[in-house]
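Asks: need a 3D model of the following:
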Amino acid sequence: MRCLVTGGSGFLGSHLVDRLVAEGHTVVAMDNFVTGSRENLGHYEGDTRVQVVEKDASEPFDVEGDVDFVFHFASPASPKDFVRIPLAVIKAGSYATHNALELAERKGAKFMVASTSEVYGDPLVHPQPESYWGNVNPNGPRSCYDEAKRYAEAVTAVYRDHYGVDTRIVRFFNTYGPRMRLDDGRVVPNFVSQALRGEPLTVYGDGSQTRSFGYYEDIIDGVYRLAMSDVQDPVNLGTHEERTILEFAKAVIEATGSTSEIIHVDAAIDDPQQRHPDITRATTLLGWEPSTPLAEGLAKTIAYFRASMGK
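Replies: Modelled structure (predicted):
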């Protein structure tokens, strides 16, 4: 296939490009490089299998030639981004999703939107199945991301049901691994960079809030399986290994061999208290199961950050 990946130089987008190329496909990787890095696709320089295009997907765009699959992965996804560039976050979920769907319809291409567990907000149901509608604040500090992703799913469903576009919706839970931004603001790069610098690890609130950390290789495998399937309903991708943030902080300190202490700061507003995906749909319909233990994935991620920081 010839595939378009918006956000192709980002953390997950660039790993998706790698998987598509490994499977024999060619890729147009589109990015405006607001949060993505050219280095993430630097190994394709001079490689005709990957064409890198600098373009903001929230502005109308076209791609010359045939396109068989559109993967819309463009979106800032860090809490820091929600404060720094909230309008760009909203546009990535709204205008950019609409533009990507328009292209898919024109080209007769299949389409996948990268959604998120944030569509569940601060959930009242545990674990979270795809049938859960969520508990989301529509005008809080995280709403530029949460509601943009909910809109992205809604407009995808419209193009599926009313315009016949063959769509997929993937909902990512906390995913980590190499190519995350050091200044991302999310818990994995925060803790790892703090530990490697010997700084205190900052835990929001009492640290009892939980997350389920999935390694990128497992998650991208789920993405590819979903793309190759005929499943059009939303699909959670994550791990059923749920840990408190405090437990995770201790795991990072141990894995890095750091002498950092843990300090507590004020809890973040609207910070979800529990994240635990129900992955029955992915397991049953895609034959997918995460297989990377946290210790293994964390070791590889720490090695990447060590190299990036020169530690």
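Asks: what is the neighbour count of the residue lying closest to S208 once chain neighbours are set aside?
Replies: Excluding its sequence neighbours, the residue lying closest to S208 (C-beta to C-beta, 6 or more residues apart in numbering) is T244, at 5.5 Å. For glycine as for every other residue, the C-beta is placed from the backbone atoms N, C-alpha and C. Neighbour count for T244, taken as other C-beta atoms under 10 Å: 16.
Asks: just checking, T244 touches G207?
Replies: Yes: using C-beta atoms under 8 Å, T244 is in contact with G207, at 5.9 Å.
Asks: now the strands: where do they sit in this protein?
Replies: 2-6, 26-31, 50-54, 69-72, 110-116, 167-172, 175-176, 201-204, 210-212, 214-215, 235-237, 242-244, 262-265 (DSSP state E).
Asks: in CSV: these, plus distance to M309 and mean pLDDT.
Replies: Listed next are the strands of the chain as CSV, based on distance: least, C-beta to C-beta, whole Å; pLDDT from 0 to 100:
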stretch, distance to M309, mean pLDDT
strand 2-6, 28, 98
strand 26-31, 24, 98
strand 50-54, 26, 98
strand 69-72, 30, 98
strand 110-116, 27, 98
strand 167-172, 26, 98
strand 175-176, 16, 96
strand 201-204, 16, 94
strand 210-212, 23, 92
strand 214-215, 20, 97
strand 235-237, 29, 98
strand 242-244, 24, 93
strand 262-265, 20, 94
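Asks: of all those, which lies closest to A299?
Replies: Relative to A299, the nearest member of those by C-beta to C-beta is strand 214-215, separated by 10.5 Å.
Asks: hmm, back to that, tell me what the residue nearest to S208 is bridged to.
Replies: T210 (DSSP bridges).
Asks: if I pick it, what's in contact with it?
Replies: By C-beta atoms under 8 Å, 6 or more residues apart in numbering, the contact list for T244 reads 207-210.
Asks: nearest to L285 among the residues you listed?
Replies: Nearest member of the contacts of T244 to L285, counting by C-beta to C-beta, is T210, at 25.7 Å.
Asks: surely the closest one is in contact with F248?
Replies: No: when contacts are counted by C-beta under 8 Å, T210 is not listed as touching F248 (9.1 Å).
Asks: the two: which is more packed in?
Replies: F248 (22 against 19).
Asks: what sits against that one?
Replies: Per C-beta under 8 Å, 6+ apart, neighbours of F248: 187, 191, 211, 213.
Asks: buried residues, stretch 106-120. List them.
Replies: By neighbour count with 16 or more other C-beta atoms under 10 Å, stretch 106-120 contains the buried residues 107, 109-120.
Asks: mind putting the residues you listed into CSV with distance to T48?
Replies: CSV is the format used below for those (distance: C-beta to C-beta, whole Å):
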residue, distance to T48
K107, 20
A109, 20
K110, 23
F111, 25
M112, 24
V113, 28
A114, 26
S115, 32
T116, 33
S117, 37
E118, 37
V119, 37
Y120, 41
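Asks: R179: which of the residues you listed is nearest?
Replies: A114 (15.1 Å).
Asks: ok, and the closest non-adjacent residue to that closest one?
Replies: Closest residue to A114 apart from its sequence neighbours, by C-beta to C-beta, 6+ apart: F73 at 4.5 Å.
Asks: I'd say that neighbour and L4 touch.
Replies: No: assessed by C-beta under 8 Å, F73 is found out of contact with L4, at 10.1 Å.
Asks: for the residue of the chain positioned farthest from its centre, give me its contacts.
Replies: For the chain, the residue at maximal distance from the C-alpha centroid (C-alpha atoms, centre = their mean) is T259, at 30.5 Å. Residues in contact with T259, defined by C-beta under 8 Å, 6+ apart, are G198.
Asks: can you pull the phi/psi pair for it?
Replies: Note on T259: backbone dihedrals following degrees, to the nearest 10 are phi -100, psi 10.
Asks: mind checking pLDDT for it?
Replies: At T259, the model reports a pLDDT of 94.
Asks: also G310?
Replies: 83.
Asks: quick check: it vs A152, distance?
Replies: Noted for G310: a distance of 38 Å to A152, by C-beta to C-beta, to the nearest Å.
Asks: picking up where we left off before, between the contacts of T244, which is nearest A92?
Replies: Relative to A92, and with distances defined as C-beta to C-beta, the nearest of the contacts of T244 is Q209, at 25.7 Å.
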